[in-house]
Structure formats: structure tokens, C-alpha cells
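>>> Okay, structure incoming, though there's no sequence with it:
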């Protein structure tokens, strides 16, 4: 099991890397290419993934609490069951991302493009989704207690349960 907590891995080519269960707490991965990397169960709490390319990456069950994912490309990524409480997702690209059962409690997702995202069973309690793009998104069973949804047009999205 790889353990590199706090290491500077910024601007690295790690596309397709096998990092299952890796301990990367507070690691700097700014501008790194992690496209299609395998990171299920990885501990990335407090890591800096700003401007990181994570397209198609598997981050299922990953701990991303307090991580900085600002301007990260997460298109087509699998974040099923990921913990994102306190993570920064400002300007992150979240189209077609799988966030099934992910913890997005109190997440700031105003004006985010979540087109075709899967948020089935996601914990969005207290999340701010004002003006978010949700066309084609699936929110079946999502927990939306105290979530702010101002300006949302649920066109072509699925909202059941």
C-alpha cells in the first residue's frame, strides 16, 4: 500500500496509475495528469488536486474531505461513495461524474455544471446548488434536506424518492 502523505507530486504524469488504497493525505498533485488512474479507497484528505486532470479516474470510496479540487477535470470519473465534505470544487468540471452515495454535505456547488451527473443516493444535506446545471442528472434518492436549489430548472433530470 503506497503511502506518500504530504509529498509534492505536482505537475506529474500519473495517467492510468494503480493507486488503490494509497495514502496521499495533504499531497500536492496540482496540475498532475491522473486520467483513468485507479484510486479506489485512496485517502486524499486535505490533498491539493487543483487543475488536476482526473477524467475517467476511479475514486470510488476515496476520502477527499477538505481536498482542493478547484478547476479539476472530473468528467466521467467514478466517485461512488466518496467523502467530499469540506472539499473545494470551485470551477471543477463535473459533467457525467458518478457521485452515487457520495457525501457532499454542505458542498458549495453554485452554478456548477453537473450535466448528466449521477447523484443517486448522494448526501447533499445543506449543499448549495443555486443555479447549477442539472440537465440529464440523476438524483434518485438523493438527500436534499436544507439544500439550496434556487434557480434550478429540472429539465431532463430525474428526481425521485
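Structure's in. What do you need? Fair warning: this is a prediction, and the values are worked out from it, not measured in the lab.
>>> What residues are bridge-paired with the spatially closest residue to residue 148 that is not a sequence neighbour?
Counting by Cβ to Cβ, 6 or more residues apart in numbering, residue 128 is the residue found nearest to residue 148 once chain neighbours are left out, at 4.8 Å. For the C-beta atoms, the positions are set from N, CA and C on the backbone; glycine is no exception. On the basis of DSSP bridges, residue 128 is bridged to residue 108, residue 148.
>>> Surely residue 128 and residue 108 touch.
Yes: shown here, residue 128 and residue 108 form a contact pair, counting by Cβ atoms under 8 Å, at 5.2 Å.
>>> what comes up buried for stretch 117-127?
Buried residues in stretch 117-127, counted by 16 or more other Cβ atoms under 10 Å: 117, 118, 119, 120, 121, 122, 123, 124, 125, 127.
>>> dump the residue contacts of the fourth one.
In other words, residue 120. By Cβ atoms under 8 Å, 6 or more residues apart in numbering, the residues touching residue 120 are 100, 101, 138, 139, 140, 141, 142.
>>> show me what contacts the last one?
Remark: with contacts taken as Cβ under 8 Å, 6+ apart, residue 142 is in contact with 119, 120, 121, 122, 123, 124, 159.
>>> mind checking how far the second one is from residue 157?
In other words, residue 120. Per Cβ to Cβ, to the nearest Å, residue 120 is found 12 Å from residue 157.
>>> okay, and the common contacts of those two?
Shared contacts of residue 120 and residue 157 (Cβ under 8 Å, 6+ apart): 138, 139.
>>> Please pick the buried ones from the contacts of residue 120.
Buried among the contacts of residue 120 by 16+ other Cβ under 10 Å: 100, 101, 138, 139, 142.
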